[in-house]
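J.: I would like the atomic coordinates for the input below:
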Amino acid sequence: MEQAHQPARRAYAFAWSEHRNPEREQATLRVWMGAAVLLAYGIFAWLRPSHDALLVMRLVALYVSYGAITLLIVSRISTPSSVRLTVTTIADQTLLGLALAAGGSVALPLIWVMFWFLIGSGCRYGKRTLAVSCATALVIVMAMAIWQPWWHENIPAAIGLGLSVLGASVYLSVLVDRLGNANRDLARQASTDPLTGLSNRYALERIVDRAMSAHEADGDHATALLLIDLDGFKEVNDTYGHAVGDMLLQAFAQSLAKRMRKPDTIARLGGDEFVVLAHQVRDRAAVLSVADSIHSVLGAITSVQERPVSVSASIGACLLSSATAANQASMTAVLRAADRAMYRAKSLGEGKTVFAETRDFEIS
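T.: Below you'll find the predicted structure:
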């Protein structure tokens with residue numbers, strides 16, 4: 001069974017969504033934080049003018065300009081780029097390194113920025129980008145210890161800074177791992193039905209929307225939604241109690257997950273309503289084959305906790321291509337059409353499957 005809550009393949013792709021653009025956040029911080037540092041060094045250069053202070057101020061001004069350019073670029077681009085992210089991560093630490101090298105002791109207050117870059121890289125994009133930022137910072141520290149006069153005369157300070165960067169990066173890497181696991185657990189809980197472990201309505205909606213936007217409903221690889229309502233479930237609840245009813249739902253969910261094809265998605269909407277989203281079905285005959293498997297699963301469940309049960313299914317099937325043709329490309333419209341078809345199936349007797357028609361998409 002293909003679950004809706006599969007983990008993100010990369011932390012960067014996971015962070016970038018329609019609601020959040022981490023690159024834009026970072027570019028905005030470049031401008032505002034850089035402007036604050038520029039103001040501070042401008043005041044310092046005015047109160048205690050020196051060649052080093054003016055040089056640092058100019059390099060900070062260059063960084064603010066760089067931040068404004070990156071902000072303009074990412075504001076106009078709607079997709080992430082690992083190459084762009086790597087370049088900007090290296091550029092952040094490199095421009096800071098130039099300021100530290102140019103200013104010597106005057107630029108020492110900027111050391112905190114190096115750690116700010118590490119934290120931002122790790123928390124926004126994950127371990128890979130954190131490693132790039134850490135490696136760049138360590139190269140900068142080594143270069144300053146060798147060639148920059150102040151740092152060359154204060155080797156213990158350079159060693160301390162390098163070890164601090166390495167230690168902070170290792171610790172951040174552990175925190176990023178834990179945060180990622182926590183986020184995945186929360187995402188799993190938010191998209192899982194607690195009783196059966198299947199996908200819930202929220203997860204199903206995401207998959208249906210994705211299928212429609214990707215035009216999976218077209219051609220030889222159509223997708224069909226089968227809405228399942230359990231006939232006889234109310235009698236089981238009334239006769240044996242809700243605990244046995246819950247066990248019946250769990251038994252059905254487990255058997256269905258074993259019987260369905262791997263590409264298919266199984267979800268519980270609530271109560272005794274389930275959905276199978278069957279991918280790559282060529283025609284109605286293929287959909288009916290999936291429906292027959294569902295009927296067979298229920299036919300095999302004859303008892304729960306040694307109590308005899310008799311439960312069947314009424315199934316309303318809806319090809320997503322039908323929703324697209326009716327200009328109703330949404331999960332709400334698909335479920336409404338499948339629901340109407342399911343009630344027609346119920347009126348025909350037990351264990352029936354009925355397909356949604358064009359009229360089922362009409363809003364009444």
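J.: give me the number of residues near residue 226?
T.: 27 (other Cβ atoms under 10 Å). Every C-beta, even on glycine, is put in place using the N, C-alpha and C of the backbone.
J.: what's the helix or strand for it?
T.: Here residue 226 sits within strand 222-231, counting by DSSP states H and E.
J.: next up, the contacts around residue 196.
T.: Residue 196 sits next to 249-250, 253-254, 268 when contact means Cβ atoms under 8 Å, 6 or more residues apart in numbering.
J.: and whichever helix or strand comes after the strand holding residue 226, what's buried?
T.: Sequence order places helix 233-240 as the next helix or strand after strand 222-231, per DSSP H and E. Of all the residues in helix 233-240, those buried under the rule 16 or more other Cβ atoms under 10 Å are 233, 236-237, 240.
J.: what would the residues you listed look like in JSON lines with distance to residue 164 and pLDDT?
T.: Conversion of the buried residues of helix 233-240 to JSON lines gives the following (distance: Cβ to Cβ, whole Å; pLDDT from 0 to 100):
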{"residue": "233", "distance to residue 164": "62", "pLDDT": "91"}
{"residue": "236", "distance to residue 164": "64", "pLDDT": "92"}
{"residue": "237", "distance to residue 164": "63", "pLDDT": "89"}
{"residue": "240", "distance to residue 164": "65", "pLDDT": "91"}
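J.: only whichever of the contacts of residue 196 are buried, select them in ChimeraX.
T.: Typed into ChimeraX, the line below selects the buried ones among the contacts of residue 196, using 16+ other Cβ under 10 Å:
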select :249,253,268
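J.: dump the contacts of residue 196 into CSV; add distance to residue 107 as well.
T.: Converted to CSV, the contacts of residue 196 look like this (distance: Cβ to Cβ, whole Å):
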residue, distance to residue 107
249, 66
250, 64
253, 62
254, 64
268, 60
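J.: biggest separation within the contacts of residue 196, which pair?
T.: Considering Cβ to Cβ, no two members of the contacts of residue 196 lie farther apart than 254 and 268, which are separated by 12.0 Å.
J.: and residue 266, which of the three is it?
T.: Assigned with DSSP: H, G, I helix; E, B strand; the rest coil, residue 266 falls in the strand class.
J.: could I get the contacting residues of it?
T.: Contact criterion Cβ under 8 Å, 6+ apart gives 1, 198-199, 253, 256-257, 260, 274-277 as the residues in contact with residue 266.
J.: change it to 7 Å
T.: Taking Cβ atoms under 7 Å, 6 or more residues apart in numbering as the contact definition, residue 266 lies against 1, 198-199, 256-257, 260, 274, 276.
J.: now residue 29
T.: Contact criterion Cβ under 7 Å, 6+ apart gives no residues in contact with residue 29.
J.: what values do phi and psi take at residue 280?
T.: Residue 280 adopts backbone torsions of phi 60, psi 50, taken as degrees, to the nearest 10.
J.: would you tell me what the next helix or strand after the helix or strand bottoming out on mean pLDDT in the chain is?
T.: The helix or strand of the chain with the poorest confidence is helix 11-15; it has a mean of 42 (mean pLDDT, DSSP states H and E). Reading on from helix 11-15 to the C-terminus, the next helix or strand found by DSSP H and E is helix 22-47.
J.: domain parsing for this protein?
T.: Taking automatic domain parsing as the domain assignment, the ranges for the chain are 11-190, 201-361.
J.: quick check: which element contains residue 143?
T.: helix 127-147.
J.: so what does that helix touch, helix or strand wise?
T.: Packing partners of helix 127-147 (3 or more Cβ pairs under 7 Å, 6 or more residues apart in numbering; DSSP states H and E): helix 82-103, helix 111-125, helix 149-153, helix 155-190.
J.: Throw those helices into TSV and include distance to residue 136, mean neighbour count and mean pLDDT, thanks.
T.: What follows is the helices and strands packed on helix 127-147, written out as TSV (distance: least, Cβ to Cβ, whole Å; neighbours: other Cβ atoms under 10 Å; pLDDT from 0 to 100):
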stretch	distance to residue 136	mean neighbour count	mean pLDDT
helix 82-103	4	19	92
helix 111-125	9	20	90
helix 149-153	16	15	93
helix 155-190	10	14	84
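J.: any chance of CSV for the ones you listed, columns distance to residue 310?
T.: Conversion of the helices and strands packed on helix 127-147 to CSV gives the following (distance: least, Cβ to Cβ, whole Å):
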stretch, distance to residue 310
helix 82-103, 56
helix 111-125, 55
helix 149-153, 82
helix 155-190, 34
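J.: on that earlier part again, could the contacts of residue 196 go into a markdown table alongside pLDDT and distance to residue 357?
T.: Listed next are the contacts of residue 196 as a markdown table, based on pLDDT from 0 to 100; distance: Cβ to Cβ, whole Å:
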| residue | pLDDT | distance to residue 357 |
| --- | --- | --- |
| 249 | 93 | 30 |
| 250 | 93 | 34 |
| 253 | 92 | 29 |
| 254 | 92 | 33 |
| 268 | 91 | 26 |
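J.: and stretch 146-161, C-alpha only, in CSV?
T.: Extracted in CSV, the C-alpha atoms of stretch 146-161 (Å, rounded to 0.1, in the frame of the first residue of the first chain):
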residue,chain,number,x,y,z
ILE,A,146,48.1,31.1,7.8
TRP,A,147,47.9,34.4,5.9
GLN,A,148,46.0,37.0,8.0
PRO,A,149,48.4,38.9,10.3
TRP,A,150,46.2,39.2,13.4
TRP,A,151,45.0,35.6,13.2
HIS,A,152,48.5,34.3,12.5
GLU,A,153,49.7,36.0,15.7
ASN,A,154,46.8,34.5,17.6
ILE,A,155,46.9,30.9,16.4
PRO,A,156,45.1,29.6,19.7
ALA,A,157,42.2,31.8,18.9
ALA,A,158,42.0,30.4,15.3
ILE,A,159,42.2,26.9,16.7
GLY,A,160,39.5,27.6,19.2
LEU,A,161,37.2,29.1,16.5
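J.: noted, bye for now.
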